[in-house]
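Trainee: give me a model of this one.
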Amino acid sequence: MSRYKVWFVDDLPANRKRFEQEHGDDFRVKTFTSPDEVLDAIRKHGAPDALLCDIYFYDSVAEAEQIEKKVNEEAQRLRQVGETIQANREEAQKGIPLIEEVVKSKGYSKKPFPVYAYTSKGPYLLQGPAFDRIAKSGARWLLKGKYPPGTERWVIDRDIRELREGRSQRACWRYLWIILSGTGILGWLIGKSFEMILSST
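Mentor: Sure thing, here's the model as predicted:
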């Protein structure tokens, strides 16, 4: 597995330690306690391959831990609500098999297109296996009712363009490689490159 440089910023020591334990064998993990530290590190050393950023930062670890405890208690209450309404029955989660099938089956469309888990209840009520299935499918999350319509349009438009441009660029490079190697132009270019290198030494 490639050892990508992955940074994580969170004000709680327990969260940083857990992240290092869970991902330190697979990535070159570096953790930070504040957004300012991250910006400083990017200015000094360049950007990582991935940045995971907590949203909420508080003035002290004690305050952060107290708030985290309250949030966890509320999350537990919501999980109990989910059990009451049977939100984790597979029969109630018909959108997940649809997402998996559409993402897995490239034959539905010749053009790539983004698939979203578009939900307002999901982040609060879905648990383990359901979340895992959505993540493994490669679908993207778009939280229903969290953004104004203009922002949703912008996200959807951006994702469509990125997928199509990425695919068309890969296709262009593949066809260029086939043409160059098939016509002998590639060998000529490599030979010319070596000539230039040798003449400059």
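Trainee: which stretches in the chain count as helices?
Mentor: Along the chain, counting by DSSP state H, helices occupy 13-23, 35-45, 61-84, 95-104, 122-125, 128-137, 149-183, 185-200.
Trainee: what's the fifth one packed up against?
Mentor: Put plainly, it is helix 122-125. helix 61-84 (3 or more C-beta pairs under 8 Å, 6 or more residues apart in numbering; DSSP states H and E). Just so you know, the C-beta spots here come from the backbone N, C-alpha and C atoms, and that holds for glycine as well.
Trainee: could you tell me how far the helix it packs on lies from the centre of the chain?
Mentor: Centroid displacement of helix 61-84 relative to its chain, using C-alpha atoms, centre = their mean, to the nearest Å, is 25 Å.
Trainee: show residues contacting it.
Mentor: 11-13, 56-58, 87-88, 124-127 (C-beta atoms under 8 Å, 6 or more residues apart in numbering).
Trainee: below-threshold pLDDT in this protein: ranges please.
Mentor: Low-confidence regions of the chain, defined by pLDDT under 70, span residues 1-2, 106-110, 167-201.
Trainee: for residue 5, find the nearest of the helices of the chain.
Mentor: Of all the helices of the chain, helix 35-45 sits nearest to residue 5, with 9.3 Å by C-beta to C-beta.
Trainee: tell me the domain ranges of this protein?
Mentor: 1-59, 158-200 (automatic domain parsing).
Trainee: so what's the spatially most central residue of the chain closest to, chain neighbours aside?
Mentor: The centre of the chain sits closest to residue 140, judged by C-alpha atoms, centre = their mean, with a distance of 8.1 Å. Excluding the flanking residues, the one nearest residue 140 by C-beta to C-beta, 6 or more residues apart in numbering is residue 116, at 5.2 Å.
Trainee: what number of residues lie near the one you found?
Mentor: Neighbour count of residue 116, defined by other C-beta atoms under 10 Å: 17.
Trainee: who does the nearest residue to residue 41 once chain neighbours are set aside bridge with?
Mentor: Once flanking residues are discounted, residue 41 sits nearest to residue 32: 7.0 Å by C-beta to C-beta, 6+ apart. Using DSSP bridges, the bridge partners assigned to residue 32 are residue 9.
Trainee: distance of residue 32 from residue 62?
Mentor: 19 Å (C-beta to C-beta, to the nearest Å).
Trainee: could you do residue 142 as well?
Mentor: For residue 142, the distance to residue 62 (C-beta to C-beta) stands at 35 Å.
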